[in-house]
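Asker: A structural model of the following input is requested.
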Amino acid sequence: MGTKDRLIIAAALCIGPTGSGVAMAQALGTLNLTCSGQADKTEYTLAEQVRSQGGDVRLYLSGDGGTADIPRFIGGAKEGRLVVKLFSVTDEVITGKIDYRPIGNAKMRIDRMAGTVAITGPKGNFSGQCHTFDPAQAAPKF
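Answerer: Numbers count the residues shown, from 1 in each chain. Take a look at the predicted model:
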């Protein structure tokens with residue numbers, strides 16, 4: 001698929017039922033979140049079993065993307081952050097994907113009204129409660 005084909009598809013996705021252009025995503029300023037919750041990971045051995053572990057996800061979002069620190073338990077990187085691509089930003093919901101190189105992508109949904117996040121990925125799922133933070137002002141707890 002060439003660049004021209006991709007542009008035509010992108011333009012078609014922006015056309016609403018009335019034929020007028022509709023913005024795909026609202027502009028997002030900088031949004032930094034710490035989300036505490038539960039990670040579930042399915043392991044396939046002789047019998048399928050689900051292991052759970054508490055943990056935190058940190059999201060650093062700006063514009064149409066950002067980065068994420070994901071618990072290694074469900075596919076997070078050993079070092080560094082994973083790339084986040086935002087698909088939709090509204091006053092109520094932010095959706096996107098997290099690139100779990102090389103094993104695939106995880107879907108991310110942030111409910112801005114409830115303050116929750118749900119991440120479903122190839123190695124496990126995470127759900128948690130989020131709050132904003134300022135990385136420049138963050139200090140160690142101990």
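Asker: show me the strands in the chain, by range?
Answerer: Here the chain has its strands, by DSSP state E, at 30-44, 48-62, 65-69, 82-89, 93-99, 105-111, 116-120, 125-132.
Asker: make a markdown table out of these and add mean pLDDT and distance to A139.
Answerer: Every C-beta, even on glycine, is put in place using the N, C-alpha and C of the backbone. Output for the strands of the chain, formatted as a markdown table (pLDDT from 0 to 100; distance: least, C-beta to C-beta, whole Å):
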| stretch | mean pLDDT | distance to A139 |
| --- | --- | --- |
| strand 30-44 | 90 | 13 |
| strand 48-62 | 89 | 15 |
| strand 65-69 | 92 | 17 |
| strand 82-89 | 91 | 25 |
| strand 93-99 | 94 | 27 |
| strand 105-111 | 94 | 25 |
| strand 116-120 | 96 | 23 |
| strand 125-132 | 95 | 15 |
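Asker: quick one: which of these is nearest F142?
Answerer: Checking the strands of the chain against F142 by C-beta to C-beta gives strand 48-62 as the closest, at 15.4 Å.
Asker: contacts for that closest one next, please.
Answerer: 28-43, 66-71, 73, 81, 84, 86, 94, 110, 117, 119, 126, 128, 130, 135 (C-beta atoms under 8 Å, 6 or more residues apart in numbering).
Asker: can you give me the angle it makes with strand 125-132?
Answerer: Between strand 48-62 and strand 125-132, the angle comes out at 30 degrees (axes from the mean of the first three to the mean of the last three C-alpha atoms, to 10 degrees).
Asker: ok, strand 48-62: who's next to it in the sheet?
Answerer: Taking DSSP bridges as the criterion, strand 48-62 sits next to strand 30-44 (antiparallel), strand 65-69 (antiparallel) in its sheet.
Asker: any chance of those in a markdown table, plus mean neighbour count and distance to V50?
Answerer: Below are these laid out as a markdown table (neighbours: other C-beta atoms under 10 Å; distance: least, C-beta to C-beta, whole Å):
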| stretch | mean neighbour count | distance to V50 |
| --- | --- | --- |
| strand 30-44 | 16 | 5 |
| strand 65-69 | 19 | 22 |
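Asker: T90 is nearest to which of these?
Answerer: Across the strands paired with strand 48-62, closest to T90 is strand 30-44 (C-beta to C-beta), at 13.1 Å.
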